[in-house]
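Participant: can't give you the sequence, but here's the structure:
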């Protein structure tokens, strides 16, 4: 089922999957910043969410009712109890993992300080002079394009019939070994609490803007736990990063590389100079720091997924 399209779009086509159709451009738009900004401003009237996507992310649509059915607090509380049960022996054992000579040992990860689910990070209010969610999203889009990401040879402009970006993600059918309904429910919650907006879906990575990121250590520790429970061992294991360090790295951070508002649930870590690290081994061959083995992946909710759905990598100016 197709829908009415905005004016002045580049050549493209409708792609249908079951009862849901999305519009996909034939090529990466030449003036993507101007076009995307205009389409974003028309979302309220058109009911279409613009995203940058690689077409290969399109899968089986997940109905918004499936996202509605997620009991976010209950699900995360149960996931944290299971995650803590599996990880606690490693968090409490500071014995270094044996590594080859000349390779820097992985740091010990004491894990989160919480003994039970502490609740969601509180939402942040809009501040005078702060960016709107739309302005924050545009800054992230601009930073991605300036950095050469997404890859123009692979990415396209996609219009999704949805009222919010979390619903657009569900309708795209994107999945990367992730609990899709839970991730969409979390993104919906981040939209409400932090002014987050999905900007791009590139393979197994999500790029999400954040207009109102948390700015205190107390709140970012809570947010970091939400990240862990949505991306499992990816954000603290690849490369190995102690949970307190990861949480502290979120304090006062907005936008990715543009001084704006990109957020990453599993951000890329800064390079460690030329120091050799054991994580240079292939991901599937790397032992978990302090665990001597990888986190069990039988539980789909705790399985790692590579997502950049999340919170910021540059400090607020």
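Facilitator: Received it, and whenever you're ready, just let me know what you need. Nothing here was measured: the structure is a model prediction, and the numbers come from that model.

Participant: for residue 80, which non-adjacent residue is closest in space?
Facilitator: Spatial nearest neighbour of residue 80, chain neighbours left out: residue 117 (4.6 Å); criterion: C-beta to C-beta, 6 or more residues apart in numbering. For glycine as for every other residue, the C-beta is placed from the backbone atoms N, C-alpha and C.

Participant: need the phi and psi values for the one you found.
Facilitator: With angles defined as degrees, to the nearest 10, residue 117 sits at phi -60, psi 120.

Participant: residues contacting it?
Facilitator: 73, 76, 77, 80, 81 (C-beta atoms under 8 Å, 6 or more residues apart in numbering).

Participant: what about the second one, neighbour count?
Facilitator: By the criterion of other C-beta atoms under 10 Å, residue 76 has 24 neighbours.

Participant: please, which helix or strand holds it?
Facilitator: Assigning secondary structure by DSSP states H and E places residue 76 in helix 72-91.

Participant: before we move on, the earlier item: neighbour-wise, which of the contacts of residue 117 leads?
Facilitator: residue 76 (24 neighbours).

Participant: that one and residue 245, how far apart?
Facilitator: In this view, residue 76 and residue 245 are 22 Å apart by C-beta to C-beta, to the nearest Å.

Participant: isn't residue 33 up against residue 144?
Facilitator: No: using C-beta atoms under 8 Å, residue 33 is not in contact with residue 144, being 10.0 Å away.

Participant: and those two? Which one has more around it.
Facilitator: residue 144 (23 against 14).

Participant: isn't that one right up against residue 152?
Facilitator: No: using C-beta under 8 Å, residue 144 makes no contact with residue 152, being 10.8 Å away.

Participant: ok, which stretches of the protein are helices?
Facilitator: According to DSSP state H, the chain carries its helices in the segments 32-41, 43-46, 64-68, 72-91, 133-146, 165-172, 180-194, 217-231, 234-237, 243-248.

Participant: nearest to residue 3, out of those?
Facilitator: helix 43-46 (8.6 Å; C-beta to C-beta).

Participant: average model confidence for the closest one?
Facilitator: Regarding helix 43-46, the rounded mean pLDDT is 92.

Participant: same check, this time on stretch 107-119
Facilitator: The average pLDDT within stretch 107-119 is 93.

Participant: got the end-to-end distance for that stretch?
Facilitator: Terminal residues of stretch 107-119 lie 27 Å apart, using C-alpha to C-alpha, to the nearest Å.

Participant: shift numbering so it begins at 37
Facilitator: Fine by me, first position is 37 from now on; the one you just mentioned is stretch 143-155.

Participant: list the buried ones in it?
Facilitator: 144, 145, 147, 148, 153, 154 (16 or more other C-beta atoms under 10 Å).

Participant: stretch 121-132 too?
Facilitator: Neighbour-count burial for stretch 121-132 flags 123, 126, 127 (criterion: 16+ other C-beta under 10 Å).

Participant: from the residues you listed, which single one is nearest residue 236?
Facilitator: Residue 236 lies nearest to residue 123 out of the buried residues of stretch 121-132, by C-beta to C-beta, at 31.2 Å.

Participant: please report how far the closest one lies from residue 92.
Facilitator: 33 Å.

Participant: check residue 251 too.
Facilitator: For residue 251, the distance to residue 92 - C-beta to C-beta - is 37 Å.

Participant: neighbour-wise, which of those two wins?
Facilitator: A count of neighbours by other C-beta under 10 Å puts residue 251 above the other of residue 251 and residue 92, at 15 against 9.
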